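Asker: After the sequence you'll find the predicted model.
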Amino acid sequence: MNVHIYELHNGDRLLKDIYNGTGLHILAAGTEINQSNIEKLLLHRIEYVDIIRIDNSDGEETTSLMSPSSGQAEIFIGAMANMQQMFDQASVSGFIQNDLVEEQVDPLLEHIQKEKDMVSLLLKVNSPDDYTYRHSLKVSMIAYHLSIWSGESEEYARFAAKAGLLHDIGKSKINPDLLAKPGSLTPEEHAAIQKHTIYGYEMIRSSLQDEILALVALQHHERLDGSGYPYQRKEDQIHPLPRIISIADEYSSMTSERTYRAKKDLLAVLKELHKLSFGKLDPRLTYVFIEHMIPNFIGKKARLSDGREGVIVMTNPTSYFRPLIQVEGNFINLDHLPQLEITHIMQE
């Protein structure tokens, strides 16, 4: 049975192995289809697959895993496919095609301008698969919003989004096995990965002839106290735009799920960013980011450290990270209960 991926249902199994246009094996015959598998198919631009559909003996209808109306997923997955193409091209030729970058920025920004809730957006994009591409998309989205929140123009924010997409392009020159290595890195491996900033700077300068975009790639790991890399720049030696990207990069990285490391919670990471604002990240921009992110948690379902689950109903103006939560009809003010913590913000 040959069907379009939009018509795939729970319980469907692949009849044949799936390969992409370059011959890369994507999914094995017999694989039971789930949402993650559909994302892989979309990412590799595969529209039709041969499946085995088991008739449901109890007469209940099976549910479709995706529909053409789920445009949000398509936008992100399409953007990831373009990111992969851009990274592959950069890896082979050291060249970045500006048209490919611009093709990603417009639909992505059109979507995130409609979806004002950054917490919901970040929850939807998070996955351990295709980390580098997802991370670049998240950094782009955060950079756009942080630019607007800090008073910059729409034009500047769009440029920041483009910078976010390109900030890690230098990783295309790093061994993928090293980037995905579980556990600790040796000093030599750390040094090798840190070179992605220099590779990115060189590629962007030569391909796009844009010094500011190149500086973002070079400086997004620099820190105000000089503890960053690659050149231990300090304070005014760091361009304003890399300061925005640094915050976006830190937040995305710490909240991202990896195959070898559990993600940190979205709210807990804001507390960590607050600590980093004392000497490492730009304090004004970090405060603006936290101030605008906190209200996005209202209405989100949260799990507490004692296992109970509830809904965040109000933020605390004197203690951002300890809101008021409703649990089974009761209101819990975390500011009055230091023994309790929010351990997880759940996707809707």
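Answerer: Cool, the structure landed.
Asker: buried residues in the helix or strand where Val313 lies?
Answerer: Using DSSP states H and E, Val313 sits within strand 309-314. For strand 309-314, the buried set under the neighbour-count rule, 16 or more other C-beta atoms under 10 Å, comprises Gly310, Ile312. In this view, the C-beta of every residue, glycine as well, is placed from N, C-alpha and C.
Asker: next one: the lengthiest helix in the chain to chain centre, how far?
Answerer: If you go by DSSP state H, the chain has its longest helix at helix 71-93. Its chain's average C-alpha position is 13 Å from that of helix 71-93, according to C-alpha atoms, centre = their mean, to the nearest Å.
Asker: immediately after it, which helix or strand?
Answerer: Immediately after helix 71-93, counting by DSSP H and E, sits helix 98-114.
Asker: As a check, name the ranges of all helices in the chain.
Answerer: Counting by DSSP H, the helices of the chain are 35-43, 71-93, 98-114, 118-125, 131-149, 154-166, 176-179, 187-194, 196-208, 211-219, 240-255, 266-276, 283-293.
Asker: got those as JSON lines, with mean pLDDT columns?
Answerer: Formatted as JSON lines, these follow (pLDDT from 0 to 100):
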{"stretch": "helix 35-43", "mean pLDDT": "74"}
{"stretch": "helix 71-93", "mean pLDDT": "78"}
{"stretch": "helix 98-114", "mean pLDDT": "79"}
{"stretch": "helix 118-125", "mean pLDDT": "68"}
{"stretch": "helix 131-149", "mean pLDDT": "90"}
{"stretch": "helix 154-166", "mean pLDDT": "95"}
{"stretch": "helix 176-179", "mean pLDDT": "89"}
{"stretch": "helix 187-194", "mean pLDDT": "96"}
{"stretch": "helix 196-208", "mean pLDDT": "97"}
{"stretch": "helix 211-219", "mean pLDDT": "98"}
{"stretch": "helix 240-255", "mean pLDDT": "95"}
{"stretch": "helix 266-276", "mean pLDDT": "91"}
{"stretch": "helix 283-293", "mean pLDDT": "95"}
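Asker: Out of those, which gets nearest to Pro317?
Answerer: helix 283-293 (10.4 Å; C-beta to C-beta).
Asker: tell me which residues of the closest one are tucked away?
Answerer: Leu285, Thr286, Val288, Phe289, Ile290, Met293.
Asker: which of those residues lies closest to Arg322?
Answerer: Looking across the buried residues of helix 283-293 and measuring by C-beta to C-beta, the closest to Arg322 is Ile290, at 13.5 Å.
Asker: thinking again about what came up before, and the longest helix of the chain, C-alpha only, in CSV?
Answerer: Extracted C-alpha coordinates of helix 71-93, given in CSV (Å, rounded to 0.1, in the frame of the first residue of the first chain):
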residue,chain,number,x,y,z
GLY,A,71,1.8,23.7,8.9
GLN,A,72,3.9,24.5,12.0
ALA,A,73,5.7,21.1,11.8
GLU,A,74,6.2,21.5,8.1
ILE,A,75,7.8,25.0,8.5
PHE,A,76,10.3,23.7,11.1
ILE,A,77,11.1,20.5,9.3
GLY,A,78,11.5,22.2,5.9
ALA,A,79,13.8,24.7,7.6
MET,A,80,15.8,21.9,9.0
ALA,A,81,16.1,20.3,5.6
ASN,A,82,17.4,23.6,4.2
MET,A,83,19.8,23.8,7.1
GLN,A,84,21.1,20.3,6.4
GLN,A,85,21.6,21.3,2.7
MET,A,86,23.4,24.4,3.7
PHE,A,87,25.7,22.6,6.2
ASP,A,88,26.4,19.8,3.7
GLN,A,89,27.4,22.4,1.1
ALA,A,90,29.6,24.3,3.5
SER,A,91,31.2,21.0,4.6
VAL,A,92,32.2,20.1,1.1
SER,A,93,32.9,23.5,-0.5
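Asker: ok and that helix relative to helix 154-166, angle-wise?
Answerer: 60 degrees (axes from the mean of the first three to the mean of the last three C-alpha atoms, to 10 degrees).
Asker: What residues sit buried inside helix 71-93?
Answerer: Result for helix 71-93 [16+ other C-beta under 10 Å]: buried residues 73-83, 86-87, 89-90.
Asker: Repeat that for stretch 203-222.
Answerer: 203-205, 207-208, 210, 213-222.
Asker: what's the answer for stretch 151-163, then?
Answerer: Quick answer for stretch 151-163 (16+ other C-beta under 10 Å): Glu152, Tyr156, Ala157, Arg158, Phe159, Ala160, Ala161, Lys162, Ala163.
Asker: Excluding chain neighbours, what is closest to the last one?
Answerer: By that I understand Ala163. Val216 (4.3 Å; C-beta to C-beta, 6 or more residues apart in numbering).
Asker: So the one you found sits against Pro242, correct?
Answerer: Yes: here Val216 lies in contact with Pro242, judged by C-beta atoms under 8 Å, at a distance of 5.0 Å.
Asker: Distance-wise, check the residue nearest to Met86 when sequence neighbours are not counted relative to Gln85.
Answerer: The shortest distance from Met86 to any non-neighbouring residue, by C-beta to C-beta, 6+ apart, is to Leu100 (5.1 Å). Distance, Leu100 to Gln85, by C-beta to C-beta, to the nearest Å: 6 Å.
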